[in-house]
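In: Structure of the sequence below:
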Amino acid sequence: MLHHIVLMDPDGPEGRDRIEAAMPILAEVCANLPGASGFAHGPNRDYEGKSQRYAYGFSVMFVDRDAHLAYEAHPDHLRAGGMLVEACSGGHAGIFVADLEV
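Out: This next block holds a predicted model:
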């Protein structure tokens, strides 16, 4: 399984609003994509003080890399991803992605 984790650095309050607007799109993709489960999103509370820059994030589980590739290629994922790039400080540089094999 792959645990896909995305943390974002919103470009101000408007960026945060745009990030939150993309979440239902990604949730819908994951709800209807075979091999995807457990989509969750929310503010990063950063209780350990190690990721202050990344104020919001989401995660999703994929049964395998093929399911992850299907997600990456899905047109609604591409649309939501573009929204996230526009919403983050520095565009792509304001997004941290980790894919953990679990």
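In: any idea of the pLDDT on Glu72?
Out: According to the prediction, Glu72 has pLDDT 98.
In: helices and strands around the helix or strand hosting it, which ones?
Out: Following DSSP states H and E, one finds Glu72 within helix 65-73. When contacts are defined as 3 or more CB pairs under 8 Å, 6 or more residues apart in numbering; DSSP states H and E, helix 65-73 sits against strand 2-8, strand 56-62. For the C-beta atoms, the positions are set from N, CA and C on the backbone; glycine is no exception.
In: Figure out which of those is closest to Asp99.
Out: Nearest to Asp99, of all these, is strand 2-8, at 5.3 Å by CB to CB.
In: In the sheet, which strands lie alongside that closest one, parallel or antiparallel?
Out: strand 56-62 (antiparallel), strand 95-101 (antiparallel) (DSSP bridges).
In: what's the angle from the lengthiest helix in the chain to helix 65-73?
Out: For the chain, the helix with the greatest residue count under DSSP state H is helix 12-32. Per axes from the mean of the first three to the mean of the last three CA atoms, to 10 degrees, the angle that helix 12-32 makes with helix 65-73 is 130 degrees.
In: helices or strands next to helix 12-32 in the packing?
Out: strand 36-43, strand 56-62, helix 75-87.
In: ok, now with 6 Å
Out: Applying 3 or more CB pairs under 6 Å, 6 or more residues apart in numbering; DSSP states H and E, we find helix 12-32 packed against strand 36-43, helix 75-87.
In: Which positions within the last one qualify as buried?
Out: Residues 77, 80-81, 83-84, 87 are the ones in helix 75-87 that count as buried (16 or more other CB atoms under 10 Å).
In: mind putting those residues in a markdown table, pLDDT included?
Out: Putting these into a markdown table (pLDDT from 0 to 100) gives the following:
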| residue | pLDDT |
| --- | --- |
| His77 | 98 |
| Ala80 | 98 |
| Gly81 | 98 |
| Met83 | 98 |
| Leu84 | 98 |
| Ala87 | 98 |
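In: Thanks a lot, see you next time.
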